[in-house]
Structure formats: C-alpha cells, structure tokens
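Undergrad: Next come a sequence and a model predicted from it.
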Amino acid sequence: MKTCRRKGLLLLMAVLLLGVGACATKNNDMPQNDKAEEGKLTEEITPTEAVMPTEEVKSTEEGKSTEAVTPTEEVKPTATPELTATPEPTVTPKPTATPKPTPTPKPTATPKPTPTPKPTATPEPEKINIEYLTSGGITSDETVLKTKHLVFHIPANVYIPENFVETVDILTSAMENLSGLKFEGNPVYSDERTKVTVEKITDAEREMGSAYASPDGVYICSGDLLDLYALVHECSHALQFNQSNWFYCTWAMEGISTYTTYKVQKYVEENYPELVYMVGSVDQSFGNFTITDYEELYSHPMEYWVDNILECSWNDNYPIGFRLMWYLDETYGEYTKWISEYEKINPYYRSRDMGNVIQGEDQIQIFKTVYGETVFEDFYLWLKENEALFESGVVADLSGAKEVWVYPSCTYSQIVYSMGFSFQYEDLLVDIAVGREYLEEYKGKSTKDMVLLVSVGTTLELYDAEGNLLRTEGPIQGYHPIALDGVSSVKLVGSGTTSQFVIEGFENYKQ
C-alpha cells in the first residue's frame, strides 16, 4: 500500500509539473480556489481513479519533502498545500532624526529709498548773440554757448575772448584725462553737458566775484571768461559731483579741485604754453596753498582736520587736501577713486532727508578702505620728506610758445593788466592789442598813456597792427617804462627769464 501511495503521489506531481492548471479550468464541476496572495501557488489538481505510486520522491520545492497519501477507492482531490513564502526580513526602522530647529528669520532689511527719477533734460539750443570785434566779441543778448563738455549761459554785455570754445575744449578734455573722472553721468541731473552760469555784475565796474560749484552746475563771473583759473577749479568740483553728489570735508573736496587744477596747469605748460596765461602757472597753486608751520599739521591726526581749520595755512584746509591728493596720485596712481567707491557703498539719493553731507568718520573710513588702514599715517611720513615740493617760486616755461595773448583783469579794487608770474621765453611775441580792445571797446577806458614794465636785461621789439617793427628797446636798465601808444604787440627778443611784465597808465576805475 505504501508503494501505491507513492506511485499515486508521483503521478499527481507529474500532472502538476505539466500544467494541471489548464485541466482544472476545463472541469466546470470543480470550484476554483480564489486567487491567493502574491507568492503562493493557487492551481487545483485533477483527481484520478486509482494511482499506484512506486517510490517516495522529494518535493520540487527546495528543502521540503512531500508526505505519502493512502489511496482509497475514490480519492477526492486534495489541493496542493500552499507554499509558505519566505518572510522578508524585518527592517529595523531608522531612528527618527531630531528635527532641525526652525531658523530665526533674518531681519528684513530696510529698503533703500527709491531715488527720484532724473528729470528728462531738454537739450537747449545754442543761441549766439555776439557782436564780434577784432579779437573777441560782446554779447548783445542772453547767449547759450556750447563746448564739448560744458554749456555756458551768458547774459548780455559780457566780453568773450577770441578762440574761447577751442580753449575750453582743450582744458576740459585734459581735466577728464588727468583726473579719470567724466563730465557726463551726473547721478541726479541728466543734462547732456555741465551747465555753467555766468554772472554779470551790474552795480560796479569789476568783472570778478564769487565762483562756486554745486550738483546742478558751475557759477562764475564774467571776468572768469578771460582768466580761466576759476573755471577749471570749479569744473573740477563738477567732475566730482558727476560721480557722486555727496559733500565731503574741505580737505577732501578742495584737495580734488586744487590738485586737478594744478595738473591742468602743468599739462598746459608742457603742451600748450601759449595758454598758460589763461589758466595761470603752477606757481600760482603753490603760492595759494602755502603751509607756514608743518608741525601744527603733524600734531593732529587727519581725523582732527575734518572739523578743524589749519591756522598756519593761507587758504583754510585747501593746502592739506592739495598735498594729500598729490601723495595719493604719486603712490597709488588714483587720487579720485575714493569718490566712486563711496558712491558704491552709499549711493546718493536726491530724496534723502539727511541732506548730502557725509559724517566725518565715514569720510575717514572710505580713504582707509580704498588705500589702506595706515594711509594717513603714511601720508604724514611722505610729506615730512617732501615739504620742499610745495615751495613757491617756480618759473613757468614758455620757451615753446611763439605768441601769447594777455587780457586785463577787473578785480574788486582795480584793473590789473599783467602776466602775473615769472616765465622763461625764447623770441616770444606778446599780443597787447586784445587787451587794448577790451579796455577801449568793452570797458570804455582810454589807453593812450599805457606803458610797459619788464625785468632788467630784457630786450624788446615793438610792432604795429600790420606787423611792422616800430622800434627796439633794451636791454632794459633799471626802472624804464616803455610807451605803448600805437603798439599792438611786443616781442621779447632772444632767450631769457623775466619776473615782470606789467602794463600800466590806462584809465582805471572811477573813484
């Protein structure tokens, strides 16, 4: 019986392996098992009448044996035992991570004030209302005169010298190149050119007065069109304002302006010596910015001079700034960089309630940020070794000029007609016809008694309006006034140096 059971079981297993599932589906009398869970065998086995097993066999399921079945005359089908799936290993749950603390929200930065939009500038048309004379012109009505970088607003009855526009273009282009700053790009005002307003003094004979600059332009007097030193100085401030509208302390702002003016004077002397008279010699800068007691300067740090005046100087704290910018230029090659760098850190907005004056500690810090923490200590050390650089008495070199023009200056108290500085020359022709025309046609003064004074040892040739030689004077010995009646130009003959070129004897202010 045991053998029969084994043969029956073997037959059952063979049926299972040959796909008894198909047979089971054809037997409609046999109910099918419900679909089992995944991983379990679900097919039924078709019964047989009598099965004679021969031997015991091992189950095809690995590692399990099939038990023997005792056959009966009618064997009801027995479902193959469901295979128990090997349970998946229990996964050890990951430790719950300690939740990160919620970061404290950063404080919301106070938004910068929205800058007031720049006004759209309407380009002003050039209006030329000038009655031209032989060597200049007088405005008959308000005149708008444009140069490369500037636009002049000139009232009626103002004298404009010959070649004025060309001269201004030379000077302003030099200012940009030497300072590294630009006239265009004002952060508040969008004018195409820097505006220059010319004032005509109507209650006195003088033509000279106040000159100043602000973020909206430059303001000069009518006499400054002949002596362009003030124009260059104030336009140096305009260059600063075109990068940033902040106001700095005296030595910072005036340092930029005085040193830039000095560089322009030096540039003109080397490249356009015939224009030196129009901007002044470098000795003018040294003379105006003298320090008589350096120990007073060194006795206090630069922070002190933000709010205090150097008493031993001739012009407030201008001399400090002049020397500081010279040092920065010589040492770092960038004496204006601090302006644009401060603008990056703290942009100027027109709508600021605090105005546009920077706190003293901020002014000091921007120099340290740009040039190093010891910049002011290093400046003092450098200056102690270079005080002689700033001594006056420098002689201008006009030996490269062939002809110069000299105009009178109508100061507060009198009319002055001179070169105003010592200079070297080599066969230099000085045109005095322009000055004569200015005095006679514009100021209404008589010039019939004009005389010239020059240094001892000078030899002169005097010419009329047609270029004819009238006579020769010199070498001059002692005090020797030279009559200029009918004379249009004077030639300084040969090579030499003169510390005096003064014209007198014309009618001056009415007392």
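TA: Structure's in. What do you need? Fair warning: this is a prediction, and the values are worked out from it, not measured in the lab.
Undergrad: Pull the contacting residues for Ile482.
TA: Residues near Ile482 by CB atoms under 8 Å, 6 or more residues apart in numbering: 451-454, 460, 462, 473, 476. C-beta coordinates here come from the backbone N, C-alpha and C atoms, glycine included.
Undergrad: Quick check: it vs Val502, distance?
TA: Counting by CB to CB, to the nearest Å, the separation of Ile482 from Val502 is 11 Å.
Undergrad: Quickly list what's touching both of these two.
TA: 452-453.
Undergrad: just checking, what's the longest helix in the chain?
TA: For the chain, the longest helix by residue count, based on DSSP state H, is helix 250-271.
Undergrad: packing partners for it?
TA: Contacts defined by 3 or more CB pairs under 8 Å, 6 or more residues apart in numbering; DSSP states H and E place helix 250-271 against helix 164-179, helix 229-241, helix 276-279, helix 282-288, helix 318-332.
Undergrad: again, only this time at 10 Å
TA: helix 164-179, helix 229-241, helix 276-279, helix 282-288, helix 318-332, helix 337-345, helix 360-371, strand 396-397 (3 or more CB pairs under 10 Å, 6 or more residues apart in numbering; DSSP states H and E).
Undergrad: any chance of the contacts of Ile482 in a markdown table, plus neighbour count?
TA: Shown next, in a markdown table, are the contacts of Ile482 (neighbours: other CB atoms under 10 Å):
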| residue | neighbour count |
| --- | --- |
| Val451 | 15 |
| Leu452 | 26 |
| Leu453 | 16 |
| Val454 | 24 |
| Leu460 | 19 |
| Leu462 | 21 |
| Glu473 | 18 |
| Ile476 | 19 |
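Undergrad: and which of the residues you listed is nearest to Tyr509?
TA: Here the nearest of the contacts of Ile482 to Tyr509, counting by CB to CB, is Val451; it sits at 18.6 Å.
Undergrad: The closest residue to Ile345 other than its chain neighbours and Thr336: what is the separation?
TA: Leaving aside its chain neighbours, Ile345 sits nearest to Ile366 (7.3 Å; criterion: CB to CB, 6 or more residues apart in numbering). According to CB to CB, Ile366 and Thr336 sit 12 Å apart.
Undergrad: for Leu297, same thing?
TA: 23 Å.
Undergrad: Over to Thr369?
TA: From Thr369 to Thr336 the distance is 15 Å (CB to CB).
Undergrad: Those two - which one has more neighbours?
TA: Thr336 (21 against 14; other CB atoms under 10 Å).
Undergrad: What is the least confident helix or strand in the chain?
TA: Here the helix or strand of the chain ranked lowest by mean pLDDT, DSSP states H and E is helix 20-26, holding a mean of 37.
Undergrad: Give me the buried positions along the next helix or strand after that one.
TA: Where DSSP states H and E defines the elements, the next helix or strand beyond helix 20-26 is strand 130-132. The neighbour-count check on strand 130-132 (16 or more other CB atoms under 10 Å) flags Ile130 as buried.
Undergrad: Which strands and helices lie in contact with the helix or strand that comes right after strand 130-132?
TA: Per DSSP H and E, the first helix or strand lying C-terminal to strand 130-132 is strand 136-139. With contacts defined as 3+ CB pairs under 10 Å, 6+ apart, the packing partners of strand 136-139 are strand 130-132, strand 159-161.
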